[in-house]
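Sequence first, then the predicted structure:
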Amino acid sequence: MFKRTHTCGSLRIQDVNRSVALNGWVNSVRLHGQVIFVDLRDRYGKTQLVFNTEAFQGDFDLVKKLSMEDVISVKGSVQKRDSSAINPKLPTGEIEVLVSDMEMLNEAAAMPFLISDRNSATEEFRLKYRYLELRTEELQKNLLIRHWTYQTVRRYLSEHDFVEIETPCLMKSTPEGARDYLVPSRLHHGRFYALPQSPQTYKQLLMISGFDRYFQIVKCFRDEDLRADRQPEFTQIDLEMSFIDEEDVLQLCTGLTRTVFKEIRNIDLPDPFPVITYSEAMERYGTDRPDLRFGMQLQEFKPYSDRSEFKAFKGAECVKALVLRGGSKYSRKMIDQLTDFVKHYGAKGLAWMKVDAEGLTGGISKFFSPELKRKIQQDLNAEAGDILFIVGDARETVLQALGALRTELGQREGLTDKNVFKPVWVVEFPMFEWNAEEQRYTAMHHPFTSPKPEDLDTLESDPGSARSRGYDLVVNGYEIAGGSIRIHKRDIQRRVFRLLGISDAEAQQKFGFLLEAFRYGAPPHGGIAFGFDRLVMLLAGAPNIREVIAFPKTTSAMSLMDDAPSPVSKEQLDELGLQLKEQ
């Protein structure tokens, strides 16, 4: 191998006549008689090589046998391309390297799919050969964005007095929320470590230890049902601060997010970010992850439906509508498709009315008086060419169905430009959610989230109305960060545990170390965790987080490349004191 003097993306017109040595992969080969053109590629770019019988001192027959993805080493001199051969799309497009010698470093077998065309194979097939897919320009760019984001985050937090501290990956199992991944102990048969779902208890302990500003970019593990923006192992930007309140966290993380978007994408996000309450988000957008790139807010419709003759909405707890600009173009077939769509979210149906020059028409318009239709059109600011979609049902069903429909319509209408970013803070989440199946309350965020001080007096008498000091950062409909001000007093933590159905004895068993630590001077503290993979996905404009993770799992938590999870030998199981049950 010739010692590399330059990368395949670094040579420019000022390097003409320089002797160079390049190493890389053959990206393309073009035969022109006694002249052969080869594009040589590495992660920095491409350089055109020229082989001809006059300048080349090696085996020309070997050059003729070059094929895609062969790994070669060459040396030669840089020359200026003919004006007609200049490639303005490449930074190296004004030059080429006249090769004098070449060494074959590794001959590549026929590729299982085209490196230059990811669509030439299914995603499952490409994941099997992920190390080849990672050669593609798109994925290399995504991983570079990930790298730059790492560095920006570390620099920003270090400049703001944060200390990077690693926390254990083998910890006590404290299942609350998603299932833990368990690791059996060889030395202590019948006992298990858990892989951390988050470093939550450790970072609270660090606050008690006096490290008032902690962060780490950390791997977390959750054994949960997967989707496009979830993986069984994922990365968080985890941080915690002492002697602060919600405003301090929001201000710091707004600055961090603005810095990341500016340095990685040269995009100026607003300062400050808008802030809405959880209740406002649900009522206006039908979700606690609102996409603010477009309007189309949910609007109250019950005052109108109650005055109509449309009986299907008479007994409904909640009736809401949204107005789609230019939606009168939707055919009955398209409306039927949208009706089936909202049924997946619990709605019994989807009512509609179109707006033309005469007013509201079609759908359920016949059940409304002319005067009422005029008032609806005026109050909802509906114009000719628009369509109204209406759902009436239990409030939760209405919000869920219309919220999902709003997102679907935004995508159908091209209102979700991936190069536009609209951040929003969502605050004052409920402390608890009612689990009808288990007939108990569960924590909306986690059991260490502090209730708002003004709700402490009614915490036991009316837990369903208790608000938390939790907050989420949402960008374009994705939750990219979530956190809260924590409970730092032992008595309040016990009250919350009891409301969650965790007895004092169970709390001591699961979290005794934390409750004990609270006895020794725990400062007020709070923090947040950014979904790092999701953040990079947005920065890269990728459709899912698998596109920005080097070696991701499938949606069934499989690694197709190395066939994980895989069986283990009986000897390994015996060492761990384990025996597999027959399925």
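Alright, I've got the coordinates. Residues are numbered from 1 along each chain as shown.

what comes up buried for stretch 334-350?
Ile335, Leu338, Thr339, Phe341, Val342, Tyr345, Ala347, Leu350 (16 or more other CB atoms under 10 Å). The C-beta positions use only the backbone N, C-alpha and C, and glycine is treated the same way.

Can you tell me the SS state at the nearest residue to Gly527 once chain neighbours are set aside?
Spatial nearest neighbour of Gly527, chain neighbours left out: Glu240 (3.4 Å); criterion: CB to CB, 6 or more residues apart in numbering. Of the three states, Glu240 takes strand under DSSP: H, G, I helix; E, B strand; the rest coil.

Glu240 contacts Leu206, doesn't it?
Yes. Here Glu240 reaches Leu206: they are 6.6 Å apart, a contact under CB atoms under 8 Å.

longest strand of the chain?
strand 19-32 (DSSP state E).

Tell me the helix or strand right after the helix or strand harbouring Val496.
Using DSSP states H and E, Val496 sits within helix 490-499. Next in sequence after helix 490-499, counting helices and strands by DSSP H and E, comes helix 504-518.

Now do Gly177, the pLDDT please.
Looking at Gly177, its pLDDT stands at 64.

Between the buried residues of stretch 334-350, which sits nearest Ala505?
The shortest approach to Ala505 among the buried residues of stretch 334-350 belongs to Tyr345, at 40.3 Å (CB to CB).

Without its sequence neighbours, what residue ends up closest to that closest one?
Leaving out its chain neighbours, the residue that sits closest to Tyr345 by CB to CB, 6+ apart is Ala401, at 4.1 Å.

The one you found: what's it in contact with?
For Ala401, the contact set (CB atoms under 8 Å, 6 or more residues apart in numbering) comprises Gly286, Val342, Tyr345, Gly346, Ala347, Val391, Asp393.

out of those residues, which are inside helices?
If you go by DSSP state H, those have Val342 in helices.

Quick check: what element follows the helix or strand harbouring the residue nearest to Tyr345 along the chain?
Taking DSSP H and E as the criterion, Ala401 maps to helix 395-412. Toward the C-terminus, helix 395-412 is succeeded by strand 423-427 as the next helix or strand (DSSP H and E).

hang on, the earlier thing: restricting to C-alpha, output the longest strand of the chain in CSV.
Listed next in CSV are the C-alpha coordinates belonging to strand 19-32 (Å, rounded to 0.1, in the frame of the first residue of the first chain):
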residue,chain,number,x,y,z
SER,A,19,2.7,13.9,-6.8
VAL,A,20,0.1,12.2,-4.7
ALA,A,21,-1.0,8.8,-3.3
LEU,A,22,-4.6,7.9,-2.8
ASN,A,23,-6.4,4.9,-1.2
GLY,A,24,-10.1,4.0,-1.6
TRP,A,25,-12.9,2.0,-3.2
VAL,A,26,-13.5,1.9,-6.9
ASN,A,27,-16.8,3.7,-7.4
SER,A,28,-17.0,3.4,-11.2
VAL,A,29,-14.9,2.2,-14.2
ARG,A,30,-15.2,3.6,-17.7
LEU,A,31,-13.2,1.9,-20.5
HIS,A,32,-12.0,4.1,-23.4
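
mind checking how far Trp148 is from Arg154?
Per CB to CB, to the nearest Å, Trp148 is found 11 Å from Arg154.

which residues in the stretch 151-300 of the chain form helices?
Using DSSP state H, counting those that start in this stretch, the helices of the stretch 151-300 of the chain run over 200-208, 246-265, 278-285.

can you give me how far the longest one is from the chain middle?
Between the mean C-alpha point of helix 246-265 and the mean C-alpha point of its chain there is a distance of 17 Å (CA atoms, centre = their mean, to the nearest Å).

Using CSV, write out every CA atom in that helix.
Output of helix 246-265 as CSV, limited to C-alpha atoms (Å, rounded to 0.1, in the frame of the first residue of the first chain):
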residue,chain,number,x,y,z
GLU,A,246,-38.7,25.0,35.1
GLU,A,247,-37.7,28.3,33.5
ASP,A,248,-34.0,27.6,34.0
VAL,A,249,-34.3,24.2,32.3
LEU,A,250,-36.4,25.6,29.4
GLN,A,251,-34.0,28.5,28.9
LEU,A,252,-30.8,26.3,28.9
CYS,A,253,-32.3,23.6,26.6
THR,A,254,-33.7,26.3,24.2
GLY,A,255,-30.1,27.6,23.9
LEU,A,256,-28.7,24.1,23.4
THR,A,257,-31.3,23.3,20.7
ARG,A,258,-30.8,26.6,18.9
THR,A,259,-27.0,26.1,19.0
VAL,A,260,-27.3,22.6,17.5
PHE,A,261,-29.6,23.7,14.7
LYS,A,262,-27.4,26.7,13.9
GLU,A,263,-24.1,24.8,13.8
ILE,A,264,-25.4,21.7,12.1
ARG,A,265,-27.9,23.1,9.6
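
If you count neighbours, what's buried in that helix?
246, 249-250, 252-254, 256-261, 263-265.

What is the burial count for Met431?
27 (other CB atoms under 10 Å).

so what's it up against?
Applying CB under 8 Å, 6+ apart, we find Met431 in contact with Ala443, Met444, Thr449, Pro451, Asp455, Leu459, Pro463, Ala466, Arg467, Ser468, Val496.

let's see it at 6 Å
Pro451, Ala466, Ser468 (CB atoms under 6 Å, 6 or more residues apart in numbering).

before we move on, the earlier item: name the residues linked to the residue nearest to Gly527 by a beta bridge.
For Glu240, the beta-bridge partners are Tyr214, Gly527 (DSSP bridges).

wouldn't it be in contact with Ile528 here?
No. If you go by CB atoms under 6 Å, Glu240 and Ile528 don't touch, sitting 8.3 Å apart.

what's the burial count for Arg191?
By other CB under 10 Å, the residues close to Arg191 number 10.

hang on, it packs against Ser185?
Yes. The pair Arg191 and Ser185 passes the contact test of CB under 6 Å, sitting 4.8 Å apart.

Identify the farthest-apart pair in the buried residues of stretch 334-350.
Ile335 and Tyr345 (16.2 Å).

Show the backbone phi and psi for Met111.
Backbone torsions for Met111, taken as degrees, to the nearest 10, come to phi -70, psi 140.

What residues sit buried inside the stretch of helix or strand Leu360 belongs to?
Using DSSP H and E, Leu360 sits in strand 359-361. The neighbour-count check on strand 359-361 (16+ other CB under 10 Å) flags Gly359, Leu360 as buried.

partners of that strand in the sheet?
strand 351-356 (antiparallel).

mind checking how far the strand it pairs with is from the chain centre?
36 Å.

got the contact list for it?
328, 335, 360-365, 382, 384, 386-390.

buried set for that strand?
So for strand 351-356, counting by 16+ other CB under 10 Å, buried means Ala351, Trp352, Met353, Lys354, Val355.

cool, and stretch 320-331?
Buried residues in stretch 320-331, counted by 16+ other CB under 10 Å: Lys320, Ala321, Leu322, Val323, Leu324, Arg325, Gly327, Ser328, Tyr330.

what about it, start to end distance?
Taking CA to CA, to the nearest Å as the measure, stretch 320-331 stretches 22 Å from start to finish.

just how off-centre is that stretch within its chain?
Taking mean C-alpha positions (CA atoms, centre = their mean), stretch 320-331 and its chain are 30 Å apart.

Identify the residue nearest the geometric centre of this structure.
Nearest residue to the geometric centre of the chain (CA atoms, centre = their mean): Arg534, 2.0 Å.

Need the three-state assignment for that one.
Following three-state DSSP, we place Arg534 in the helix state.

my read: it touches Ala481, true?
No. At 9.0 Å, Arg534 does not count as touching Ala481 under the criterion of CB under 6 Å.

What is the nearest of the buried residues of stretch 320-331 to Gln377?
Closest to Gln377, out of all of these and judged by CB to CB, is Val323, at 9.5 Å.

so the host helix or strand of that closest one versus strand 351-356, what angle?
Per DSSP H and E: Val323 is located in strand 318-324. Going by axes from the mean of the first three to the mean of the last three CA atoms, to 10 degrees, strand 318-324 is angled at 40 degrees with respect to strand 351-356.
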